[in-house]
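Participant: task: produce atomic coordinates for the following.
(one chain, ligands or ions: 1)
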Amino acid sequence: MATSMNVDYSTTIPNNIGLSEDRRVLKALERWHPGYLNWWNDMGPEGFQEKLVYLRTAVSVDLDGWAKFGYVRMPEYRWGILLAPQEEGRVIPCGEQAGEPAWQEVPGEHRAMLRRLIVIQGDTEPASVEQQRHLGKTAPSLYDMRNLFQVNVEEGRHLWAMVYLLQKYFGRDGREEAEELLRRQSGHEDHPRMLGAFNEATPDWLSFFMFTTFTDRDGKMQLEALAQSGFDPLSRTCRFMLTEEAHHMFVGATGVQRVIKRTCQAMKEAGIEDPYDIEAIRKLGVIDLPTIQKKCNLHFSLSLDLFGSEVSTNAANAFNAGVKGRYKENRINDDHKLLSDTYPVMRLIDSEIKLVDEPALSALNARLRDDYVKDCDKGITLWNNTIRKEGIDFQITLPHVGFHRQIGEFAAANITPCGKLLQNGAWDSAKDDFLPSKADGDYIASLMKPCWEPGKFANWIAPPKVGIDNKPGDFEYVKIEG
Ligand code: BYC
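Facilitator: Predicted coordinates for the structure are as follows:
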């Protein structure tokens, strides 16, 4: 049975973990706080730190009514540490020790592995804020600007969540790692962020929507896997983070959907039927569907790299140790040990892509990635339904998993979105058909002009169906003046 926990707002750091009684951790977090605020001011949303933004803040971990809405200046956001309630009798869900009581403290033998996973997870959160910091200036509406900032402050809270685990459970090296999380920077030459996709630029709003569709969804899958950890504080932390994550993917999937809708509507108004008549469509000031497909190809492939190698001893060890489970581990009906099972993995053998049975333990990254691809299909269906409803003959598709990869089985190969292997020369000349070219980027950049009048939207994006917190269409989500 789950026990509920109230959130204490009396300390500088709101929490439901009894921080006021845990002086050591409270002190450590209070020491880290000014550095975090410096980081937020230097690397967080550029140009809007003093503005009032209509944000939701987590005030409880009860699924009904866990957030309250109100105007906040972002540096004054109450970044809290919130864990899902402890489940009595929870057990380690997988691996050698499956069925034993979940750990409430870090088991010595798994300390290094846990620390690494927590640091990697923590590193992605501030990275995304850094990647998106310049987007406010070109927001296509106050509604979108507010959603961007909501995502940003929550990624900040997710950093707090990981830093809490490091400070509470990893002593001195945890404190050092917490400092490093503020020191690394997305795209920095000397101290970049840890994973590839978090060092890429997010140059425009379509990229932001694709990122929140695809990369945040990797976040969801990784958090789901860590929510299955036998280390209970990590599991509880990730379970609450997942509540917030859902909104981020909503922002992404509906953002792209609204871009698509506006394009289709503009095409119809102008009597253009051919979605490949790019020149004519761009003259309407909207983003043509083939370019949207290229952006989808790019962000999907970058996000697939975040699953690591398809066949991985790191992944096998983490599962075997009980520190990272599979997606929905607790609902899978098997022995949760996988010692003699196999799993079919797509591999490149003698220049052919084949499904090969691999030991299931080593194939866990591939399995999580397969679950991710299925989950991505939901977003794609939403987009294609919109295109169909608008009566345009076009479909967005997910590219082949081997397309444009930097990590794992397909890193050395050139594979088209349809799954055809190309030689280097052929790839070089075909690349711009698959991925956004410089000209595509320049065109999208030319559309990125601010549109900040309440209730107004830039020409290239349709308004949302409903407002945030049921607010009316002309609600002032960000108070730009004053
Ligand atoms: N880039 O056995 P391998 C999110 C390294 S997103 C650079 O293939 P493993 C969010 C790997 O570190 C979710 N390096 O993979 C979204 C290792 O190096 P070392 C973030 C990479 O370890 C939006 C070597 O290659 N959370 O939350 O099984 C906004 C061999 O590793 C990459 C997590 O990722 C890469 N892409 O799996 C905000 C969860 N891939 O140690 C937030 C925690 C691999 O040998 N992380 N390498 O030097 C993990 O579970 C795993 O570490 C990984 C990699 C899935 C990342």
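Participant: please make it C-alpha for all contacts and neighbour counts, starting now.
Facilitator: Will do.
Participant: so what's the spatially most central residue of the chain up against?
Facilitator: Centroid-nearest residue in the chain, with C-alpha atoms, centre = their mean: residue 216, separated by 1.6 Å. By C-alpha atoms under 8 Å, 6 or more residues apart in numbering, the contact set of residue 216 is 245, 248-249.
Participant: out of those residues, which is most surrounded?
Facilitator: The most crowded member of the contacts of residue 216, judged by other C-alpha atoms under 10 Å, is residue 248 (26 neighbours).
Participant: which bits of the stretch 251-400 of the chain sit near the ligand?
Facilitator: By C-alpha under 6 Å from any ligand atom, the residues of the stretch 251-400 of the chain that approach the ligand are 305-309, 312-315.
Participant: got TSV for the residues you listed, with pLDDT too?
Facilitator: Below are those laid out as TSV (pLDDT from 0 to 100):
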residue	pLDDT
305	98
306	98
307	98
308	97
309	98
312	98
313	98
314	97
315	98
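Participant: quick one: the helices in this protein?
Facilitator: For the chain, applying DSSP state H gives helices covering 23-43, 111-131, 142-169, 171-183, 205-227, 232-270, 278-283, 289-304, 313-321, 364-389, 424-434, 438-447.
Participant: where does the residue lying closest to residue 366 once chain neighbours are set aside fall, phi/psi-wise?
Facilitator: In space, and not counting its chain neighbours, residue 366 is closest to residue 310: 4.4 Å by C-alpha to C-alpha, 6 or more residues apart in numbering. Dihedral pair for residue 310: phi -60, psi -50, per degrees, to the nearest 10.
Participant: you'd agree residue 310 is up against residue 361?
Facilitator: No - the pair formed by residue 310 and residue 361 falls short of the contact definition of C-alpha atoms under 8 Å, at 11.0 Å.
Participant: give the bridge partners for residue 346, please.
Facilitator: For residue 346, the beta-bridge assignment (DSSP bridges) gives partners residue 355.
Participant: dump the residue contacts of it.
Facilitator: 353-356 are the contacts of residue 346 under C-alpha under 8 Å, 6+ apart.
Participant: residue 394 now?
Facilitator: Neighbouring residues of residue 394 by C-alpha under 8 Å, 6+ apart: 275, 289, 384, 387-388.
Participant: flag every residue of the stretch 51-200 of the chain that's near the ligand.
Facilitator: 117, 120-121, 124-125, 128, 155, 194-196.
Participant: closest to residue 205 among the residues you listed?
Facilitator: Relative to residue 205, the closest of these is residue 128; by C-alpha to C-alpha it sits at 13.6 Å.
Participant: could you check the pLDDT of the closest one?
Facilitator: Looking at residue 128, its pLDDT is 98.
Participant: so it makes contact with residue 198?
Facilitator: Yes - with contact defined as C-alpha under 8 Å, residue 128 reaches residue 198; the gap is 6.4 Å.
Participant: need the overlap of contacts for those two.
Facilitator: Taking C-alpha under 8 Å, 6+ apart as the criterion, residue 128 and residue 198 both touch residue 186.
Participant: quick one on the thing from earlier: how much space between the residue nearest to the centre of the chain and the ligand?
Facilitator: Going from residue 216 to the ligand by C-alpha to the nearest ligand atom, to the nearest Å gives 4 Å.
Participant: for that residue, give its distance to residue 128.
Facilitator: Counting by C-alpha to C-alpha, to the nearest Å, the separation of residue 216 from residue 128 is 10 Å.
Participant: same check on residue 317?
Facilitator: For residue 317, the distance to residue 128 - C-alpha to C-alpha - is 28 Å.
Participant: looking at these two, which has the bigger crowd around it?
Facilitator: More crowded of residue 317 and residue 128, by other C-alpha under 10 Å: residue 128, with 29 against 17.
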